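Student: For reference, the sequence and a predicted model appear below.
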Amino acid sequence: MNANIIPSAVRRALPMYSNEIIFMLHGSVIASTITITDVLKAGRMVNGQYYVAYEGFISLAFILGSH
């Protein structure tokens, strides 16, 4: 009897589990897009304030690369 219940449970739970995985992937994509936008904005602010072209972006790349 146990041999019949487990495959049935997996078959019923798999669509819900796959939906959760898809929602998590969508959330991580949105979070990374927002993060990249914030990082680029910070680099542009450093560029606009101190008139340095690459130093702001390079320092932000080091900061993000260390995490």
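Tutor: Perfect, I can see it now.
Student: On the pLDDT front, check the most centrally placed residue in the chain for me.
Tutor: Geometric centre of the chain, nearest residue: S28, 3.2 Å, by Cα atoms, centre = their mean. Reading off the confidence values, S28 has pLDDT 79.
Student: again with V46
Tutor: Reading off the model, V46 has pLDDT 80.
Student: ok, now S66?
Tutor: Predicted confidence (pLDDT) for S66: 67.
Student: Just give the number of residues close to V52.
Tutor: 14 (other Cβ atoms under 10 Å). For every residue, glycine as well, the C-beta is placed using N, CA and C.
Student: what about it, which SS state?
Tutor: Secondary structure state of V52, per DSSP: H, G, I helix; E, B strand; the rest coil, is coil.
Student: Ramachandran coordinates for it?
Tutor: Backbone torsions of V52, given as degrees, to the nearest 10, read phi -110, psi 130.
Student: just to revisit the earlier point, what distance do you get for the residue nearest to the centre of the chain to E55?
Tutor: According to Cβ to Cβ, to the nearest Å, S28 stands 30 Å off from E55.
Student: same check, this time on E20
Tutor: From E20 to E55 the distance is 42 Å (Cβ to Cβ).
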